[in-house]
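Student: have a look at this prediction, sequence included:
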Amino acid sequence: MSDSSESAGRRVWRELLRRRRAVFGLWVIGALAALALTADLIASDKPYYLKLDGESYFPLAIDYGVWLGARQWPPALVNQRFAALAERAEAVYWPPIPYSPTVPDITGDVFEPPSRAHWLGTDGIGRDVAAGMVHAVRVSLTIGFIVVAIQASIGIALGGLAGYYGGVVDLALSRLLELMLGIPTFFLILVVAATFPPSIYLIMAILGLTGWVGIARLIRGEFLKVRAMDYVAAARSLGASDVRIMLRHVLPNAIAPVLVSMSFGVASAVLAESALSFLGIGIPAQIVTWGSILSVAQSNTTAWWLAVFPGAAIFITVTAYNLLGDGLRDALDPRDQGT
Amino acid sequence: MNGAMLAYAARRVALFVPTFVAITFMGFALMHLAPGDPVEMYLSGGLASGQAGISTQKLADAQRAKEQLRHDLGLDRPIPVQYLDWLSHLARGDLGRSLKDRLPVWDKIRERLPVTIGIEVLALVITYLIAIPLGIYSAVRPGSRFDQISTGVIFALYSLPSFWVSVLLIVFFAGGDYFNWFPPGGLRSIGSSSDWSLMRRAGDLLHHLALPLFVVSLGSYTELSRYLRSSMLENARQDFIRTARAKGVPERAVILKHMLRNSLIPMVVILAGILPGLVSGAVILERIFSIPGLGQLGYEATLARDYPAVMAVFAAGTALTLIGILLADLALALVDPRISFSGGSAGE
């Protein structure tokens, strides 16, 4: 990128950091990302370290090795429950949440209220809610990011073509945008998700393929504005190709408002994914998500912890991205500088 | 209303039909291309349920029965033919029969649409009653403590997932485990009958609708009061407000008569904006509170692969969305003289 867009980016970043609520959103998003990256270290039914009959083991590390296909479980640990092994071990160091998100804790009970053993209680088949929620951060954020990446790619490509070439191309693409706007999106997603076999990738694809209209309209408008600028004419007279002009000269100057929509886009993708898993549609049953935990509470109303915690997680995530989007919009608004 | 405006309206209305056809065809094709077959669903609910110890003869019979049924339902024809058939029936007000119970789908829609729309309209009234005073209050003293707090609260409301609020309300106020104040779902008490007085029936209905209405209206405060606030603030800077103040119009009248009245018209746009999300929102809400509306019908039909019913709900959703967009554009065009239609008569 050229120097001027670099400094423009830095100015927006500085403006953003001056807004308390946006900074708060950034911190929350950073914390969630850290949680997603380290979920296996925080919640796992395999100890970090186990000393058994004089031998030292690192079960969590071994688990990664096995998963990568690089090694096999040592004979002493094959098909053993670590909670049982730990009782006769000389030394054991557990992760803070010593439970698997998917395997029920057979020593506990189903619908166990929050306690010292299970911080956030257990669900209808005895799975630890805290472990499930930590791993669900991964599902939510991955879906959020990939969906928005798909939306941005389609939106930028189609919106850019329409705005840059104008004329017939613009007319045809604008009609397509109008069509897309008329679709009752969530119901369509529901129908598709319910008729195809449940899969997390399918959810990403349909949320991505239905949600790009906003970005396309924004980019179209920006391209229309920018393509008439002198520097574009200058680039063209120097013999730059259309593709080069679009990617090197027009796009960097049109991309700013898209960042705002992308931030709001992550928020609504997280919401849509939660709503679908809440309805029990589209997400495979063995994957624990915030929405799937929440849906259990609906029919088991004594279990307040199944209603409060996962919903709060969705709320916090969505709010963080909305705050960031709001802050970005303010930071990008040239009329609003210095307030 | 001038000629250009009329021409614009006519052009927009004329576009309605092709757009509707394109979208419903896409939905129709998607549904029929998906794996899984309504015939299987249909039979597993009836004929073939509990098929222990099937002989090859029986299997062949079942296969033939399936083919027969597929033919009877018209599912063995090419998708465009099936779609045209569906469309021509739709034009005559016939949505086909449900694969689930063989009842006309049109009757089901007619029975359920008023429930969904009714809830939405009631919620809208509540929203306006609360959001308008809120917006006025914020706009009259921008930056005040009240303005800041209400902005914060309203922003939080905007991020609040409605299904979470619904589940919380059910768990704490309707589940019977904590505060048993409201019924957990449905529209009527089990013991209710037509002998009850009108008041008693209305009270019963409202008792059932209290939680759903609360949830539906919750999501709309943000947009409405934010919109009103910013539009009133914009009006406050206009010359006619200064003129009104200068000639000694009492402040209350300035706010209510001059600022508010000019801010209210664009709010029609918000009203139209509710239509597109209507069916989608209804699916989750009606599912949680077991309300027999359009959303519930759509959800159940989707799970049962009841094509005619799914298509009917999809078509209803598409129509509502398109009507919403149309209304919003027309209202905006009517209100804002700066929008020109053919470059001719802009502004006055």
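Tutor: Sure thing, it's come through. Numbers count the residues shown, from 1 in each chain, chains lettered A, B, ... in the order given.
Student: quick one, helices of the stretch 51-200 of chain A?
Tutor: Secondary structure of the stretch 51-200 of chain A, counting by DSSP state H, counting those that start in this stretch: helices at A:59-68, A:82-87, A:129-165, A:167-182, A:185-195, A:200-210.
Student: rank those helices by mean pLDDT and give me the bottom one.
Tutor: Mean pLDDT values for those show the minimum at helix A:82-87, a mean of 82.
Student: nearest to residue B:105, of the helices of the stretch 51-200 of chain A?
Tutor: Of all the helices of the stretch 51-200 of chain A, helix A:185-195 sits nearest to residue B:105, with 15.4 Å by C-beta to C-beta. Yep, even glycine has a C-beta here, placed from its N, CA and C like the rest.
Student: quick one: that closest one to chain centroid distance?
Tutor: Distance, stretch centre to chain centre, for helix A:185-195: 20 Å (C-alpha atoms, centre = their mean, to the nearest Å).
Student: okay if I get the helices of the stretch 51-200 of chain A as TSV plus distance to residue A:38 and mean neighbour count?
Tutor: Below are the helices of the stretch 51-200 of chain A laid out as TSV (distance: least, C-beta to C-beta, whole Å; neighbours: other C-beta atoms under 10 Å in any protein chain shown):
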stretch	distance to residue A:38	mean neighbour count
helix A:59-68	12	15
helix A:82-87	19	14
helix A:129-165	9	22
helix A:167-182	38	15
helix A:185-195	30	23
helix A:200-210	21	19
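Student: and those: which comes nearest chain B?
Tutor: Smallest distance to chain B across the helices of the stretch 51-200 of chain A (C-beta to the nearest C-beta): 3.4 Å, for helix A:185-195.
Student: the inter-axis angle of the closest one versus helix A:200-210?
Tutor: 150 degrees (axes from the mean of the first three to the mean of the last three C-alpha atoms, to 10 degrees).
Student: does any bit of helix A:185-195 sit next to chain B?
Tutor: Yes: applying C-beta under 8 Å from any C-beta of the partner chain, one finds helix A:185-195 touching chain B at A:185, A:186, A:187, A:188, A:190, A:191, A:192, A:194, A:195.
Student: list of residues touching that helix?
Tutor: Residues outside helix A:185-195 that contact it (C-beta atoms under 8 Å, 6 or more residues apart in numbering or on different chains): A:202-203, A:206-207, A:210-211, A:272, A:275-276, A:279, A:281-282, B:27, B:30-31, B:34-36, B:277, B:279-281, B:283, B:298-299, B:302-303, B:305, B:310, B:313-314, B:317.
Student: residue B:320: neighbour count?
Tutor: For residue B:320, the count of nearby residues is 23 (other C-beta atoms under 10 Å in any protein chain shown).
Student: could you tell me which residues of the stretch 101-250 of chain B lie near chain A?
Tutor: Residues of the stretch 101-250 of chain B lying close to chain A by C-beta under 8 Å from any C-beta are B:155-156, B:158-161, B:163-164, B:167-168, B:170-172, B:174-178, B:184.
Student: circling back: from the residues of helix A:185-195 next to chain B, pick the one nearest residue A:174.
Tutor: The nearest one, if we look at these relative to residue A:174 and count by C-beta to C-beta, is residue A:185, at 18.7 Å.
Student: distance of the closest one from residue A:275?
Tutor: Residue A:185 is 12 Å from residue A:275, where distance means C-beta to C-beta, to the nearest Å.
Student: and for residue A:330?
Tutor: Taken as C-beta to C-beta, the span from residue A:330 to residue A:275 is 29 Å.
Student: do residue B:332 as well
Tutor: Using C-beta to C-beta, residue B:332 is found at 30 Å from residue A:275.
Student: okay, those two: which has more neighbours?
Tutor: Just comparing residue B:332 and residue A:275: by other C-beta under 10 Å the higher neighbour count belongs to residue A:275, 24 against 15.
Student: isn't that one right up against residue B:163?
Tutor: Yes: Residue A:275 lies in contact with residue B:163 (C-beta atoms under 8 Å); the separation is 6.0 Å.
Student: intersection of neighbour lists for the two?
Tutor: By C-beta under 8 Å, 6+ apart, the residues touching both residue A:275 and residue B:163 are A:291, B:284.
Student: what's in contact with stretch A:150-158?
Tutor: So stretch A:150-158 is contacted by A:173, A:176-177, A:204-205, A:207-209, A:211-216, A:218-219, A:251, A:255, A:258, A:262, A:265 (C-beta under 8 Å, 6+ apart).
Student: can you name the residue of chain A nearest to chain B?
Tutor: Counting by C-beta to the nearest C-beta, chain A gets nearest chain B through residue A:301, at 2.6 Å.
Student: any idea how far the most centrally placed residue in chain B is from chain A?
Tutor: In chain B, the centroid-proximal residue (C-alpha atoms, centre = their mean) is residue B:278; its distance is 1.0 Å. According to C-beta to the nearest C-beta, to the nearest Å, residue B:278 and chain A sit 8 Å apart.
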